[in-house]
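Visitor: model this:
(4 chains)
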2 protein chains.
Amino acid sequence: MTDHAPLELERFLPYRLSILSNRVSQAIAQTYQDRFDLSMTEWRVMAVLARYDSDGLSAREVASRTEMDKVAVSRALTRLVAARRVARKTHAGDKRRSVLRLSAAGWKVHDAIAPLAREHERTMVAKLTTDEQRALESILDKLAPV
Amino acid sequence: MTDHAPLELERFLPYRLSILSNRVSQAIAQTYQDRFDLSMTEWRVMAVLARYDSDGLSAREVASRTEMDKVAVSRALTRLVAARRVARKTHAGDKRRSVLRLSAAGWKVHDAIAPLAREHERTMVAKLTTDEQRALESILDKLAPV
DNA sequence: GCTTTATAGTTTCATTTGAAACCAATTGCA
DNA sequence: TGCAATTGGTTTCAAATGAAACTATAAAGC
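Guide: Got it, this is the predicted structure:
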């Protein structure tokens, strides 16, 4: 009988990480998917537009900020623009680029969802000791630097 | 100017978690996708079959262990059985259930991939202090209990 | 026993996703 | 200049995915 040394999945970090991440994202998504007819990718695009509002982002910048590919971003934007949640202009100096910003309606949606998301984060973090909370921060800093 | 309080994505835990998880899974998948013509879901099924080899699992059990839905499992199994990496019999006492086990060929693939996966985990964990390593364990225990 | 209800697994169909091809505008450079 | 290479973004087509319907078997109620 050879020794196969199977992975102990229940202790394998990448596996557990993926389960945790899926559960959390899914839980948050539940709070807005139906209520606002908004997909997770769309919400991410909106969150990035809200966060880096300064003078309008290009689709390319949104893609790199969200770590989504440009096709996904393009499609999310198509829907968001159609729903008038995002305003799309053409960049003055470079006609290839778009200049994206949340519209008033977009901000309204954002302002409804952001607190719910934050609340989710809070209840999640609340399950950890302060030591663990600190550790989690630095773990993420090290493993997934921005 | 109203205050919109956008999420600071780069600090928002669910977001960072999802990025980390995607990067890690993706990196591991790279090591086997092309080389073994194996998708991530197929690998997960194989890993579970390896781990709980005892007396053969049903598709249902695989689904619950992997946290994948039964359709995904059914499809992964179709390919794995066709590739002769998994042997599928019918359960003696219950003809609805299948009895699934890795074949010799399946074990061979498993034994090639498992060390690579483990190695990935090692290099990832090596970036953390021992305190952080301990913390990560207990964080996962608390947030994503098995 | 016979009928309803539940379970294991597959198939179907509609939607989502990703890779590659594509278009248009810009940049690099001979 | 003018033409090749690059970049921003969209479209197309094939593969992956999920929900619901379906098949076959088993268990439960009467």
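
Visitor: Which residues of chain A lie near DNA strand C?
Guide: When proximity is defined as C-beta under 7 Å from any atom of the strand, chain A approaches DNA strand C at A:Ser39, A:Thr41, A:Asp69, A:Val71, A:Ala72, A:Arg75, A:Gly93, A:Asp94, A:Lys95, A:Arg96. The way it works is simple: take the backbone N, C-alpha and C, and place the C-beta from them, glycine included.

Visitor: Spatially, which two of those are the most separated?
Guide: Spatially, the most separated pair among the residues of chain A next to DNA strand C is A:Ser39 and A:Gly93, at 32.0 Å (C-beta to C-beta).

Visitor: So for those two, which residue has more residues nearby?
Guide: A:Ser39 (17 against 5; other C-beta atoms under 10 Å in any protein chain shown).

Visitor: Report the contact partners of that one.
Guide: Neighbour list for A:Ser39: A:Gln33, A:Ala76, A:Arg79 [criterion: C-beta atoms under 8 Å, 6 or more residues apart in numbering or on different chains].

Visitor: To what extent is A:Leu20 buried, counted in neighbours?
Guide: The burial count assigned to A:Leu20 is 21, neighbours taken as other C-beta under 10 Å.

Visitor: scratch that, A:Leu102 is what I was asking about
Guide: By other C-beta under 10 Å, the residues close to A:Leu102 number 23.

Visitor: Select the longest helix from chain A.
Guide: If you go by DSSP state H, chain A has its longest helix at helix A:13-36.

Visitor: How about that helix and DNA strand D, touching?
Guide: No. On the criterion C-beta under 7 Å from any atom of the strand, helix A:13-36 is out of touch with DNA strand D, staying 9.5 Å away.

Visitor: Any part of the next helix or strand after that helix near DNA strand D?
Guide: Going down the chain from helix A:13-36, the next helix or strand is helix A:40-51, by DSSP states H and E. No. Using C-beta under 7 Å from any atom of the strand, helix A:40-51 stays clear of DNA strand D, with a minimum separation of 10.9 Å.

Visitor: right, and the helix or strand after helix A:40-51?
Guide: Assignment by DSSP H and E places the next element after helix A:40-51 at helix A:59-66.

Visitor: what sits up against that next one?
Guide: Applying C-beta under 8 Å, 6+ apart, the external contacts of helix A:59-66 come out as A:41, A:44-45, A:48-49, A:51-52, A:57, A:68-70, A:72-74, A:77, A:97-98, A:100, B:9.

Visitor: can you state the direction angle for that helix and helix A:40-51?
Guide: Interaxial angle of helix A:59-66 relative to helix A:40-51 (axes from the mean of the first three to the mean of the last three C-alpha atoms, to 10 degrees): 100 degrees.

Visitor: For helix A:59-66, list every residue counted as buried.
Guide: The neighbour-count check on helix A:59-66 (16 or more other C-beta atoms under 10 Å in any protein chain shown) flags A:Ala59, A:Glu61, A:Val62, A:Ala63, A:Arg65, A:Thr66 as buried.

Visitor: I'm done for today, thanks for sticking with me.
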